[in-house]
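Visitor: Show me the folded form of this:
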Amino acid sequence: MTESRDEASRPQSPTNAPRLTRLRARARPAAPVATGIAAAVVAIVLYGLLFPTPRPLTKGDVNTAIASALASATPPPALSVKAYEVVRPSLVLIQTEEAAAGGKPGAGLGSGVVVTQAGDILTALHVVADATNIEVMFADGTKSPAQVVTRQADNDIAVIRAAQPPAQIVPATLGNPGALQIGSEAYAVGNPFALTGSMSSGVVSGLGRSFQLPNSSQVLHGLIQIDAAVNPGNSGGPLLNRDGQVVGIVTALINPTAEDVFIGIGLAVPITTAAGAAGLPPY
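Guide: So this is what the prediction gives:
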């Protein structure tokens, strides 16, 4: 009994110490690795909360985005806007005084368009045929007396020239009326009822028309028929195509009543005919 107690109280053999040391060495790295894994998991969770994965786009999302883009886009200007910008610097207001019965002078109003660098103005002959005095106003506001230099009675076309033209002359660009078809865009520009620089829009509604001038036996042939509004003061103004090129000179409106207002049919002399009065090629 005494020997057993003595052995139990003896120190343990040093041969077990290295094994315990190795176990402790292996156990020490386990804690930092577990901590790192936990931190990574937390980081992933937090990232997912802060930066959630976007949901897939639906067809409705795409349609909404397209509609929004189209709504915010600025549409291009209409053809008529571009056509007007091209011819506006060449437009002329024509005012006339005429001898009248009883000695009281009358007044007339019409339109014209500059077609040469020298300032020659094409208009309808009936606008200036009986004028005793002619005054023109150019697009920049310059006013000047003018006179008729060419008369083409068979086609109701005249060329007038200003005595004091503006410093800068902007001749219009002539187009090809032969390229017109029924349904082609047509723009009449002029000064109806003294409303300067007005424009009406329509289409070519007929080609090769004939028309007898009021109070005259003169018949005009080969005219362009349009449904763009033409009223008193439009006579002599340019008829434009979609590119703003002059394809005719407005000469008349047709109204079966006694009223001198537009009801849907206007007529213009093709520029292939009218330009010859100014010594120009057809187009």
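
Visitor: C-alpha only now, for contacts and for neighbours.
Guide: OK.

Visitor: in which helix or strand would I find the spatially most central residue of the chain?
Guide: In the chain, the C-alpha closest to the average C-alpha coordinate belongs to P77, at a distance of 2.2 Å (CA atoms, centre = their mean). Element membership for P77 (DSSP states H and E) is empty, with no helix or strand holding it.

Visitor: same thing with V149?
Guide: In this assignment (DSSP H and E), V149 forms part of strand 143-152.

Visitor: Touching that strand from outside, list them.
Guide: The contact list for strand 143-152, computed with CA atoms under 8 Å, 6 or more residues apart in numbering, reads 125, 128, 133-137, 157-165, 277-278.

Visitor: Show me the residues you listed that map onto strands.
Guide: N133, I134, E135, V136, M137, I157, A158, V159, I160, R161, A162 (DSSP state E).

Visitor: Could you report the neighbour count for the third one?
Guide: Using other CA atoms under 10 Å, E135 has 17 neighbouring residues.

Visitor: Please report the distance of the closest residue to it other than its chain neighbours from R209.
Guide: Leaving aside its chain neighbours, E135 sits nearest to P145 (4.4 Å; criterion: CA to CA, 6 or more residues apart in numbering). For P145, the distance to R209 equals 34 Å [CA to CA, to the nearest Å].

Visitor: now swap in T58 and tell me
Guide: Distance of T58 to R209, computed by CA to CA: 59 Å.

Visitor: neighbour-wise, which of these two wins?
Guide: Per other CA under 10 Å, whichever of T58 and R209 has more neighbours is R209, with 14 against 9.

Visitor: sorry, back to before: for the strand holding V149, buried residues please.
Guide: K143, S144, P145, A146, Q147, V148, T150, R151, Q152 (16 or more other CA atoms under 10 Å).

Visitor: could you dump the residues you listed to a markdown table with pLDDT?
Guide: Shown next, in a markdown table, are the buried residues of strand 143-152 (pLDDT from 0 to 100):
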| residue | pLDDT |
| --- | --- |
| K143 | 96 |
| S144 | 96 |
| P145 | 97 |
| A146 | 96 |
| Q147 | 96 |
| V148 | 96 |
| T150 | 93 |
| R151 | 93 |
| Q152 | 92 |
